[in-house]
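# One predicted model, sequence on top.
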Amino acid sequence: MTININNQQQKILENSTLLELIQQQEISVQGIAIAINNVVIPKQQWEAVYVKEHDNIIIIHATQGG
């Protein structure tokens, strides 16, 4: 199935949860926030939320600065 991750088309396995998507993309779960179709998904729900065809996913990495 095809989705958009940070405005780039990606093919992923069907019936993937958000957590499985992160694992498939080899992204560390530390210090990230995720929104699907402009709705932020709390980290506690990543295992229960399924990604759908054509979803627009934004992954934001936290950075430190001063």
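Arrived safely, thanks for sending.
# For the nearest residue to residue 5 once chain neighbours are set aside, give its distance to residue 64.
Distance criterion Cβ to Cβ, 6 or more residues apart in numbering; nearest residue to residue 5, sequence neighbours excluded, is residue 57 at 4.9 Å. C-beta coordinates here come from the backbone N, C-alpha and C atoms, glycine included. Distance of residue 57 to residue 64, given as Cβ to Cβ, to the nearest Å: 24 Å.
# okay, these two: which has more neighbours?
Using other Cβ atoms under 10 Å as the criterion, residue 57 and residue 64 rank with residue 57 on top: 21 against 5.
# Quick check: buried residues in whichever helix or strand that one is part of?
Assigned by DSSP states H and E, residue 57 belongs to strand 56-61. The neighbour-count check on strand 56-61 (16 or more other Cβ atoms under 10 Å) flags residue 57 as buried.
# Name the strands paired with that strand and say parallel or antiparallel.
The strands beside strand 56-61 in its sheet (DSSP bridges) come out as strand 2-5 (parallel), strand 32-36 (antiparallel).
# List the contacts of the first one.
Contact partners of strand 2-5, identified using Cβ atoms under 8 Å, 6 or more residues apart in numbering, comprise 9-12, 21, 25, 51-59.
# any weak-confidence spans in this structure?
65-66 (pLDDT under 70).
# Count the residues that sit near residue 34.
By other Cβ under 10 Å, the residues close to residue 34 number 23.
# For it, list the residues it contacts.
Neighbouring residues of residue 34 by Cβ under 8 Å, 6+ apart: 18, 22, 40-41, 46, 57-60.
# In TSV: these, plus distance to residue 34.
Shown next, in TSV, are those (distance: Cβ to Cβ, whole Å):
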residue	distance to residue 34
18	6
22	8
40	7
41	5
46	7
57	7
58	7
59	5
60	8
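# Could you find the closest non-adjacent residue to residue 24?
Going by Cβ to Cβ, 6+ apart, residue 24 has residue 12 as its nearest residue, at 5.8 Å.
# so the one you found sits right up against residue 1, yeah?
Yes. Between residue 12 and residue 1 there is a contact under Cβ atoms under 8 Å: 6.1 Å.
# Overlap in contacts, the two.
By Cβ under 8 Å, 6+ apart, the residues touching both residue 12 and residue 1 are residue 51.
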